[in-house]
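Colleague: Below are the sequence and a predicted model for it; my questions follow.
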Amino acid sequence: MTDPTQALQRASTLGPYFGITTDPNEEVDPTWRALPETDPDHLNTLIDQYAQRLGTDNRRVAASILFQGIASRLWSPVVASAAQGVVPDLSSLHWRWAPGAPIALWLATPTGWPASPQKAFETVMDIQLRPLRDTLHKVVKLADGLIWGNAASALAGTLYAARLAPDLAPKLTPLVQALLTRPPLNTAGTLGPRGFTRRSCCLYYKVPPGGEMCGDCALLDR
């Protein structure tokens, strides 16, 4: 099995969405918080801040985009690491977000398991996204179809790493394809020759000035 720290370091070279810092010195920073976020009050504040950043007063839009951003930050390093042979354990993951800054992730002492679709699914969906969804529902009501559509869209977005690192493509692409067949992701959209098309909308088109849609949006006229 590939060393988890080395796999995460290689993943981070693919772009900011793929990075998880493993510097143990980060422990002295009190702004790191355990992820998944289980404090509704803190998440509520972040949604308000995210809405301000997006220039909208629609909290559902802000909550949806925030969830999709976190999902992208989770799937990307996990998929890239799994393509190298290891699924990092995210049970001790920490996160940090402040207006004007990207979502940052930190693992002090990375461990992991031999790569498999089942372990990758459990690590992201069961350990992270399902609990985050439960906390989110305490402050903003979003349909599960939208939430898991965001998760599936974030997962499908990791496929571009196969173009950035062709040596990872033989394992990365079938891994993503296998993950998208697992409930509830399997009903969130379809992956075809032209890419992923979701069956729900993340609400981004409501962000001012409005009208812009994501490339995989169900509302696009194809």
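Modeller: Looks like it came in fine.

Colleague: Lys138: neighbour count?
Modeller: Neighbours of Lys138 under the rule other C-beta atoms under 10 Å: 13. Backbone N, C-alpha and C define where each C-beta goes, glycine included.

Colleague: Point out where this protein drops to low pLDDT.
Modeller: For the chain, the stretches flagged by pLDDT under 70 are 211, 219, 221-222.

Colleague: in this structure, which spans are helices?
Modeller: In the chain, the helices defined using DSSP state H lie at 4-12, 40-54, 59-82, 117-121, 130-136, 144-157, 161-164, 169-179.

Colleague: Next up, the contacts around Val18.
Modeller: To be clear, residue 18 is Phe; Val isn't right here. Ala11, Ser12, Ser76, Pro77, Ala80, Ala161 (C-beta atoms under 8 Å, 6 or more residues apart in numbering).

Colleague: go on, Ile20?
Modeller: Residues near Ile20 by C-beta under 8 Å, 6+ apart: Leu8, Ala11, Ser12, Pro77, Pro88, Leu93, Leu105, Trp106, Leu107, Pro110.

Colleague: How about it, nearest residue that isn't a chain neighbour?
Modeller: Leu105 (4.5 Å; C-beta to C-beta, 6 or more residues apart in numbering).

Colleague: hang on, isn't that neighbour packed against His94?
Modeller: Yes: here Leu105 reaches His94: they are 7.1 Å apart, a contact under C-beta atoms under 8 Å.

Colleague: anything in contact with each of these two?
Modeller: Common neighbours of Leu105 and His94 (C-beta under 8 Å, 6+ apart) are Leu35.

Colleague: quick one, which of those two is more surrounded?
Modeller: Set side by side, Leu105 and His94 show more neighbours around Leu105, with 22 against 19, by other C-beta under 10 Å.

Colleague: Centroid-nearest residue for this protein?
Modeller: Ala71 (1.7 Å; C-alpha atoms, centre = their mean).

Colleague: Skipping its backbone neighbours, what lies nearest that one in space?
Modeller: Counting by C-beta to C-beta, 6+ apart, Ala71 lies nearest to Ala154, which is 3.7 Å off, once chain neighbours are set aside.

Colleague: does the one you found really touch Leu66, like I thought?
Modeller: No: between Ala154 and Leu66 there is no contact under C-beta under 8 Å: 11.9 Å.
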